[in-house]
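Novice: got a predicted structure plus its sequence, pasted below:
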Amino acid sequence: MSTGQSPAVPTRFPLGSTLLVVNVFFMTFVARAILSPLLLTVQEEMGLSHAEGGGLFLVISAGLMTSMLLSGFILKFITHHVNIALAACLSGSALYLLSMAKDPALFRLGLFFLGAASGLYLPSGVVTITEIVPARQRGMGIAFHEVGPILGFASAPFFAELALRFADWRSFLLILGTVTISSGIIYARFGRGGSFHGTPPLWSELALIIRQRDFWIIAFFFILALGAEAGIYSMLPSYLIVEKGIDRAFVNSMVGTSRLTALLMIFTSGYLADRFGYKRVIAAVLLSCGTVTAVLGIATGVPLIAAVYLQPMLVCAFFPAGFIAMSGVSGSRQRNLPVSLTIPLAYLFGGGMIPALIGRLAEQGAFGAGFVFAGILMATGAVLVPFMKTQVR
């Protein structure tokens with residue numbers, strides 16, 4: 001929900017303005033995703049165990065959840081345009097802090113700051129895209145926007161491999177921080193849209209949403225999906241290198257290119273939800289992606305490589321159907337509220353606790369069991385789909 005007058009919506013697709021927003025999303029996403037391919041190097045230098053390494057992602061998620069929950073109050077004082085630029089500049093500053101951290105406590109503080117900074121972007125990005133893009137082209141605008149995290153997932157392993165080959169991870173974080181800050185400055189100067197404030201949610205409206213059973217079922221689905229996407233991604237390189245003995249350079253190449261398979265689904269997953277119904281798509285994704293995620297924990301050779309490439313494509317198909325389901329939880333005026341409640345929970349439990357759990361099991365000599373557990377949990381979540389009663393309006 002927002003206040004203030006918005007500029008007139010253009011009739012042509014604003015490619016340049018859209019790409020400026022997507023660039024900030026991409027840079028803040030890479031800033032968070034880069035820890036995954038650097039994790040083993042950071043663990044060794046900081047003297048951290050696998051359990052402590054996995055816990056670092058929980059710290060990032062806690063920071064992200066905090067800023068997202070407070071975003072409505074922050075946006076009361078600054079516009080969405082300023083908030084997007086601020087997210088990039090603060091994310092870059094957090095990378096500076098991480099590059100200089102010599103002990104685990106300061107490093108964790110930097111990660112919390114990084115999560116909080118990048119989390120500022122999320123409430124403002126889609127709002128700005130839907131403002132600057134004509135209504136009849138809004139689907140294309142959202143699809144462009146979602147390319148940001150996909151390319152972020154894909155490019156982070158390649159950036160990390162270049163850093164470890166030709167420099168060191170601390171120098172790389174300094175460079176990445178500078179580029180991230182630059183993206184915020186460029187957006188602040190040349191970006192359009194978002195020149196209005198947000199308003200804090202009303203507690204009475206929140207209470208109506210959290211009392212609905214469907215909200216908690218759908219929120220659980222998002223936790224499973226974020227766990228299969230961000231949670232699995234966080235620990236996958238370390239697992240493939242340590243447990244499967246695969247060469248680091250090959251792992252980074254494989255994990256990076258595997259994320260590009262999500263591009264195959266981003267423009268078709270919405271069609272599938274419209275064609276077959278969001279409930280069927282959600283059930284199919286939970287079952288299939290859960291199965292493939294579990295295969296990651298037990299397979300070797302070609303089946304393992306096939307699972308690495310197939311898993312991100314399957315989980316990407318969840319989100320259009322998931323957001324359609326979420327839109328039925330509230331009326332059109334409060335439609336942003338279920339999302340603003342769900343995404344922080346999904347990042348905390350799916351993006352944070354899943355990696356922490358996998359790291360804990362790795363410490364006990366059962367690295368693969370974490371992937372099997374996450375897969376089984378996701379697949380069994382499909383049994384809750386028939387209990388969703390809300391009709392999408």
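Specialist: Perfect, thanks for sending it.

Novice: only C-alpha atoms from now on, for both contacts and neighbour counts.
Specialist: Fine.

Novice: mind showing which ranges of the stretch 1-150 of the chain have poor pLDDT?
Specialist: Where the stretch 1-150 of the chain drops to pLDDT under 70, the residues are 1-11, 138-139.

Novice: tell me the pLDDT of the closest residue to residue 376 other than its chain neighbours.
Specialist: The shortest distance from residue 376 to any residue other than its chain neighbours is 5.9 Å, reached at residue 290 (CA to CA, 6 or more residues apart in numbering). Looking at residue 290, its pLDDT reads 97.

Novice: repeat that for residue 166.
Specialist: pLDDT at residue 166 comes out at 88.

Novice: so it versus residue 96, what's the distance?
Specialist: According to CA to CA, to the nearest Å, residue 166 stands 19 Å off from residue 96.

Novice: same check, this time on residue 209
Specialist: From residue 209 to residue 96 the distance is 40 Å (CA to CA).

Novice: next, the residue nearest to residue 240 when sequence neighbours are not counted: secondary structure please.
Specialist: Nearest in space to residue 240, with sequence neighbours left out and distances taken as CA to CA, 6+ apart, is residue 246 at 5.9 Å. Assigned by DSSP: H, G, I helix; E, B strand; the rest coil, the conformation of residue 246 is coil.

Novice: tell me the pLDDT of residue 193.
Specialist: You'll see residue 193 listed with a pLDDT of 87.

Novice: check which helix or strand covers it.
Specialist: Using DSSP states H and E, residue 193 sits within no helix or strand.

Novice: list the contacts of residue 218.
Specialist: Residue 218 sits next to 322, 325-326 when contact means CA atoms under 8 Å, 6 or more residues apart in numbering.

Novice: chain neighbours aside, what residue packs nearest to the residue nearest the centre of the chain?
Specialist: Centroid-nearest residue in the chain: residue 230, 5.9 Å away (criterion: CA atoms, centre = their mean). Of all residues not flanking residue 230 in the chain, residue 351 sits nearest, at 5.2 Å (CA to CA, 6+ apart).

Novice: ok, that neighbour to residue 345 distance?
Specialist: According to CA to CA, residue 351 and residue 345 sit 9 Å apart.

Novice: overlap in contacts of these two?
Specialist: Taking CA under 8 Å, 6+ apart as the criterion, residue 351 and residue 345 both touch residue 223.

Novice: buried residues, the helix or strand containing residue 143. List them.
Specialist: When elements are assigned from DSSP H and E, residue 143 belongs to helix 138-166. Buried residues in helix 138-166, counted by 16 or more other CA atoms under 10 Å: 138, 141-142, 144-161, 163-164.

Novice: cool, stretch 275-291 as well?
Specialist: Using 16+ other CA under 10 Å as the test for burial, stretch 275-291 gives 278-291.

Novice: then stretch 316-323?
Specialist: Using 16+ other CA under 10 Å as the test for burial, stretch 316-323 gives 316-323.

Novice: can you check stretch 183-193 too?
Specialist: For stretch 183-193, a neighbour-count test (16+ other CA under 10 Å) marks 183-185, 187-188, 191-193 as buried.

Novice: equivalent analysis for stretch 13-29, please.
Specialist: 13-14, 17-29.
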